[in-house]
Structure formats: C-alpha cells, structure tokens
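Engineer: kindly generate the corresponding structure for this input.
(one chain, ligands or ions: 2)
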Amino acid sequence: MPSLQAVGGNKALQAFRVAGLSSDFYYIPNFISVEEEVSILQKIPAQRWTQLTHRRLQAVPSTLTKNNTLLGAPLPTYLFNPVVQRFKELGIFDETPHQQPNHVLINEYKPGEGIMPHEDGDAYAPVVATVSLGGALCLDIVNKASSSGCLDEEKDDVTRFENGEEMELKEELTEYKIPTRILQEPRSLLITTGDAYRNLMHGIASIEVDVNLNAKTIANWNLVDDRHAIEEAGGRNVRETRISLTYRDVLKVSSAASKVFGVLQKR
Ligand SMILES: O=C(O)CCC(=O)C(=O)O
Ligand SMILES: [Fe+2]
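Structural biologist: Ligands and ions are numbered 1, 2, ... in the order given. This next block holds a predicted model:
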C-alpha cells in the first residue's frame, strides 16, 4: 500500500488515488471551477511563450539556471490563488523542502502536439501537481526501460469464483499494466509522486484524437468526470488546445539577497 506521506497525511486524497496502479498518482476532477479556469487562461501572458517543436512553454517565475537553481521570486497571484491555497488544504506539498510550489511550467499543446516520454528529474522534490485547462488528453505512462508510449495488450477480463458463481471483479480492482494512460480532463488536478515520479516516465502522444478510451485502457477511468460523454463518443476524445500548469518545488533556490550576501562574503 503506497503511503500518503509524500503528499502529506491528508486522508481526503485517498479517495482520489488512481487505484488500479501500484504507483502514486492521484486524480481530482473539477479541482477548479469553470470560472477559475477562464480567469487563469485570460491571465497567462501572451508574450512570454517559448515555441518548441511540438508545444509552447513558459517557465514561471523563470527558467532554472544550468545547475538547476531557481532564482526565487513569488508566483504571480493568478497561479497562486486559488490553486496553491487548495494544495495547502490537501497537504500536497507538506513534505517538500519549501512546503509549497515555487515553480510552474506552463505547457500548451495544440491538437497533434505532445511531449516525448520523459522523467522530471532531480531538480525538483518528487511531487508534481498538474492543473489542466482547455481540452482533455491522455498522459501516457511508460516504464523507464520502454521508449514507446504505445499501449500493451489490455489485460483479459478479470473474473473469479465466489459462492460457486463466476463474478466479474469490481472496477476498482482492475489492475493496469504499464504502459497505460491517465486521462486529464480540463479543470482536473493530477498529482505524480513517490514511485510514479521516480520510476516511471510520462509523455503525451502527438495525435489529434485519443481513441479506445474505456475502463480497461484508462487507469483513472472510475475518477473521470465525463466518462459517460466519452462512452457516447465511442471512446474518442477529439483534442482541443490544452494548457497544463505543472506546479513543482525546486530544491535549490537562490534569492537576490543571498547573491548580494555571496558577493559581500567574497570581498
Ligand atoms: O502537460 C502535461 O501534463 C505534462 C507536462 C510535463 O510532463 C512536463 O512539463 O514535464
Ligand atoms: Fe514531465
């Protein structure tokens, strides 16, 4: 049983654990409201994007230095309220060095864009909290050894005999083999921590439609708010532009004050 220590001791989170995976993912649908989503989207500065090959990116308050140090500065209010306040209520960053995020990477993916499978590395405490805005998409979860985000064959229907009768196991007992996928809906929060942070990689396929979305292929299916709409759409999610806010706690922080102090010490 994975411990909740890494994301604080708050039992409320237990209900949102992606139970079909042994790794530490938590998925909270509707973590923010539609109004909050609109408000955040309006406040992301239009002139600060860096265009990459398959997405565009902003690092807030700034990119890390070459030796993974953050020049500490407060997060802008639109990224702090209400999101970081809610993290505090849930104790998400209680066990990280600064007890709250000090860095946010904002990624934007248009339909057909994505990010190669990767790990987030040791510049950060092993807790990433991702708020999704705009469209939904699948996060591919792959083993470090595996270089592709493709899905394995699904596990056969799990059945067992009870009182002499064959019974289908309940949804929450379904186990998902890695690689698998986590569906990230707009306004949701995904927490990646513990083993999921350290031992797995994540990526987003550069496709325009996520297909074959159902209880067997999506590890957080029973937590997905809009699963009935997806079923009605034949298990398809047509991508729209999605923006993700990935909140992290950078381990090494230098302050302007400590820089001045460093200079003074050298004299
Ligand atoms: O957009 C996402 O959900 C993932 C982004 C990501 O993996 C990263 O910025 O390191
Ligand atoms: Fe990442």
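Engineer: okay, and the beta partners of L200?
Structural biologist: In this entry, L200 is beta-bridged to N143, by DSSP bridges.
Engineer: touching, it and Y176? I think so.
Structural biologist: No: between L200 and Y176 there is no contact under CB atoms under 8 Å: 11.9 Å. For glycine as for every other residue, the C-beta is placed from the backbone atoms N, C-alpha and C.
Engineer: pLDDT wise, what is the closest residue to ligand 1 within the chain at?
Structural biologist: Proximity of the chain to ligand 1 (CB to the nearest ligand atom) peaks at S244, 3.3 Å away. S244 is assigned 98 on the pLDDT scale.
Engineer: which parts of this protein are helices?
Structural biologist: Assigned by DSSP state H, the chain shows helices spanning 34-43, 77-80, 83-90, 194-199, 227-232, 256-266.
Engineer: in the second one, what's buried?
Structural biologist: Judged by neighbour count (16 or more other CB atoms under 10 Å), helix 77-80 contains these buried residues: 78-80.
Engineer: which outside residues touch that helix?
Structural biologist: 39-40, 43-44, 60, 74, 104, 245, 247 (CB atoms under 8 Å, 6 or more residues apart in numbering).
Engineer: and the residues you listed, which are buried?
Structural biologist: Looks like these have 40, 44, 60, 104, 245, 247 buried, using 16+ other CB under 10 Å.
Engineer: next, give me the two most distant ones among the residues you listed.
Structural biologist: Across those, the longest distance by CB to CB is 14.3 Å; it joins I44 and Y247.
Engineer: what's across from the nearest residue to L133 once chain neighbours are set aside in the sheet?
Structural biologist: Leaving aside its sequence neighbours, L133 sits nearest to I243 (CB to CB, 6 or more residues apart in numbering; 4.4 Å). Taking DSSP bridges as the rule, I243 bridges to E108, L133.
Engineer: alright, I will stop here.
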